[in-house]
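Colleague: predicted structure and sequence below. I'll ask about it afterward.
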Amino acid sequence: MQLPDLSRIDISQLPHSLQALIDCIGIDNAYQLTCAYGGRPKYIPKHRERTKLADVLPPEALDALIKRFAGVALEIPKADHFMRQLRNLQIQKESANGLSRSLLADKYGLSLRQIGNIRRQEHCAR
């Protein structure tokens, strides 16, 4: 699976549970985990042989996850948190390049109000 460019993600704006995952296994691996298991609990076993997480995570990330969360059923956040932030960044970029709110709303399937709110987020961040 092709990873989106996650370098532009503002980790501080993500839910705390996702921030904890990123802190443990890195942003790319956290993204992979949310894509595979997002929105549902995933038990983290004490031994790597007892999980299919090895199909999703590289060995070092799986070991870090086991070390920190072994024996716990983690509620894996949905990948939507990443995708929404990337979409909003793209909307801000296209808006700065002159696209109207109406065109952006049509393109992304959002209301004019939502586009206005996303555009204001950029101005508040400056």
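Modeller: That came through, no problem.

Colleague: all contacts plus neighbour counts: C-alpha atoms, from now on.
Modeller: Will do.

Colleague: okay, helices next: where are they in the chain?
Modeller: For the chain, the helices defined by DSSP state H occupy 16-25, 27-37, 59-69, 80-96, 101-108, 112-125.

Colleague: pull the CA atoms of the fifth one into PDB?
Modeller: C-alpha atoms of helix 101-108 as PDB (Å, rounded to 0.1, in the frame of the first residue of the first chain):
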ATOM      1  CA  ARG A 101     -15.000  28.100  -1.800                       C
ATOM      2  CA  SER A 102     -17.700  26.900  -4.100                       C
ATOM      3  CA  LEU A 103     -15.300  24.900  -6.300                       C
ATOM      4  CA  LEU A 104     -13.500  23.400  -3.300                       C
ATOM      5  CA  ALA A 105     -16.900  22.400  -1.700                       C
ATOM      6  CA  ASP A 106     -17.800  20.600  -4.900                       C
ATOM      7  CA  LYS A 107     -14.500  19.000  -5.300                       C
ATOM      8  CA  TYR A 108     -14.300  17.600  -1.700                       C
END
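
Colleague: hmm, who's touching that helix?
Modeller: Residues outside helix 101-108 that contact it (Cα atoms under 8 Å, 6 or more residues apart in numbering) are 91, 94-95, 110-112, 115-116.

Colleague: could you tell me the angle between that helix and helix 112-125?
Modeller: Between the axis of helix 101-108 and that of helix 112-125 there is an angle of 100 degrees, by axes from the mean of the first three to the mean of the last three Cα atoms, to 10 degrees.

Colleague: quick one: the residue nearest to residue 118 when sequence neighbours are not counted and residue 21, what's the gap?
Modeller: With sequence-adjacent residues excluded and distances taken as Cα to Cα, 6 or more residues apart in numbering, residue 118 is closest to residue 88, at 6.2 Å. Distance, residue 88 to residue 21, by Cα to Cα, to the nearest Å: 22 Å.
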